[in-house]
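Student: sequence and computational prediction follow.
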Amino acid sequence: MRAMSLRPILLHPDPRLKAVAKPVAQIDEGLRRLAQDMLDTMYDAPGIGLAAPQVGVMSRLIVMDCAKGDEPAQPMVLVNPEVTWTSEEKAPYEEGCLSIPEHFADVTRPREVEVRWTDLDGQSQTQRFDGLWAVCVQHEIDHLNGKLFIDYLGPIKRGMITRKMEKLKRDIARDGPAPKGHEAARL
Ligand code: NI
């Protein structure tokens, strides 16, 4: 049996969440282990998407599983993902983020996107995403470019969330982590 290995998730504000991640040069055992750790960490959180910078690894790697509660698990690992097409039509969705717990806001993004990436076997893949999958893949690719969903908000709302997060981080440093929430759609 494989031991589960959870990695700590960085919380905003953190300079690593604002940096651009580097392309993955080689798919090897270390990368496969990282991807599995990220999936374990995402499911445990619980969340539906996670990008490597959120666990402090500045590589272009994301994982996600947007299967609904009554559907079988559908874990995906995307290496060096790139958006190759976006629909003209846009749609709002109330987003959250594992690095910004307990905060949610509407973000408007293209309703459909096409993404190209490399899988863990080194094969190039292209797929079109819609619905929650489209929201999630765009949110996670933003993480690889140092962009958070709060960067889509106005400066007043963003500043308010950032100050609350600074306070949360001080509280965690003093008292330890708070009990987990149960909100859906944290990415
Ligand atoms: Ni996020």
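Tutor: Here it is on my side, so go on. Numbering: from 1, shown residues only.

Student: state the number of residues packed around the closest residue to Thr86 other than its chain neighbours.
Tutor: Excluding its sequence neighbours, the residue lying closest to Thr86 (Cβ to Cβ, 6 or more residues apart in numbering) is Pro110, at 3.8 Å. All C-beta spots, glycine's among them, are computed from the backbone N, C-alpha and C. A count of neighbours around Pro110, defined by other Cβ atoms under 10 Å, yields 18.

Student: so Pro110 sits against Val137, correct?
Tutor: No: Pro110 lies out of contact with Val137 (Cβ atoms under 8 Å); the separation is 10.7 Å.

Student: got the residue ranges for the strands in this structure?
Tutor: Taking DSSP state E as the criterion, the chain contains strands spanning 49-51, 61-64, 76-86, 90-95, 105-110, 113-118, 124-129.

Student: can you give me the distance of the residue nearest to Thr86 to Gly49?
Tutor: Distance of Pro110 to Gly49, computed by Cβ to Cβ, to the nearest Å: 17 Å.

Student: ok, now Gly56?
Tutor: Per Cβ to Cβ, Gly56 is found 17 Å from Gly49.

Student: still on that earlier bit, so what pairs up with the residue nearest to Thr86 in the strands?
Tutor: Lys90 (DSSP bridges).

Student: again, but for Gln125
Tutor: Trp117.

Student: how about the contacts made by the residue nearest to Thr86?
Tutor: Listed by Cβ atoms under 8 Å, 6 or more residues apart in numbering, the contact partners of Pro110 are 86-91, 134, 138.

Student: spatially nearest residue to Leu132, not counting backbone neighbours?
Tutor: Distances taken as Cβ to Cβ, 6+ apart put Cys66 closest to Leu132, at 4.6 Å, once the chain neighbours are dropped.

Student: now His103
Tutor: Nearest residue to His103 in three dimensions, chain neighbours excluded: Ile161, at 4.9 Å (Cβ to Cβ, 6+ apart).

Student: looks like the one you found contacts Glu102 (just checking).
Tutor: No: Ile161 lies out of contact with Glu102 (Cβ under 8 Å); the separation is 9.5 Å.

Student: looking at those two, which is more packed in?
Tutor: Neighbour totals were compared for Ile161 and Glu102, and Ile161 leads with 21 against 13 (other Cβ under 10 Å).
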